[in-house]
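**Student:** build me a structure from this.
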Amino acid sequence: MPSRPRLRGVDVMAPQYLNSPRTHRGVRRRLTFLIAVFLTIAGCGGESFPTGTGRVTKVIDGDTIRVRLGSKTETVRLIGVNTPETKAPNKPVECFGPEASARTSELLGDDAIVRLERDQATRDRYGRLLAYVYRVSDGLFINLSLIAEGFGRAMPFDDTPTFHAQFAEAELTARTARLGLWGACPQ
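**Tutor:** Numbering: from 1, shown residues only. Sure thing, here's the model as predicted:
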């Protein structure tokens, strides 16, 4: 039997060995294993975040809505804005809370179609999607509008930094002009 050729110190397998059923079976097993590992990792990679557009099915309060995304309905928490509470268990309704909820209903009522965008964090501790919400009909940025009109405060978090500066500037402008809660509620 002729000796196997060498390629820079590496044995090159003889052609008859490469075509043996035993080699093909081993390659198939390894390939099947690698595909299974890849699919498992792909299926478990990070938290799911439905993207794209959806239809608002309910306004829960000023900063939380329900959105139909495909065949699933998700509770969505607007990132970066905190409106006065109206639905918090064991807490009274806060000053300007009903007005903030009503304004969100005005902006997103009548089955509005919205586009959701994420930031670094995708869900909060209650399992709600965290999203920047845009009204598709005119591109209105709902999160920013609520702050700019005085219906909510800017609420910065390290894991949702994209619009910190814009939200802070909008709050300062609303506060200075005493818009919404800034003129109606004791600070």
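**Student:** am I right that L146 sits in a helix?
**Tutor:** Yes - the assignment for L146 is a helix, going by DSSP: H, G, I helix; E, B strand; the rest coil.
**Student:** these two touch, right, it and T83?
**Tutor:** Yes - counting by C-beta atoms under 8 Å, L146 touches T83, with 6.4 Å between them. From N, CA and C alone the C-beta is placed, and that goes for glycine too.
**Student:** can you check which residues contact both of those two?
**Tutor:** Both L146 and T83 are in contact with G62, D63, A100, T104, G152, where contact means C-beta atoms under 8 Å, 6 or more residues apart in numbering.
**Student:** and this protein, what are its domains?
**Tutor:** What automatic domain parsing lists as the domains of the chain is 6-44, 52-184.
**Student:** who touches the closest residue to T86 other than its chain neighbours in this structure?
**Tutor:** Once flanking residues are discounted, T86 sits nearest to G97: 4.0 Å by C-beta to C-beta, 6 or more residues apart in numbering. By C-beta under 8 Å, 6+ apart, the contact list for G97 reads D61, G62, T83, P84, E85, T86.
**Student:** the third one and V59 touch, don't they?
**Tutor:** Spelled out, it's T83. No - using C-beta under 8 Å as the test, T83 is too far from V59 to be in contact (10.8 Å).
**Student:** those two: who's more crowded?
**Tutor:** For T83 versus V59, neighbours defined as other C-beta atoms under 10 Å are more numerous around T83 (26 against 20).
**Student:** quick one: that one from L107, how far?
**Tutor:** Taking C-beta to C-beta, to the nearest Å as the measure, T83 falls 12 Å from L107.
**Student:** and for those two, which residues touch both?
**Tutor:** Residues touching both T83 and L107 (C-beta under 8 Å, 6+ apart): L146.
**Student:** quick one: low-confidence parts of the protein?
**Tutor:** By pLDDT under 70, the weakly predicted segments of the chain are 1-28, 31-51.
**Student:** and the strands in it?
**Tutor:** In the chain, the strands defined using DSSP state E lie at 6-7, 10-11, 52-61, 64-69, 72-78, 81-82, 113-117, 129-135, 153-154.
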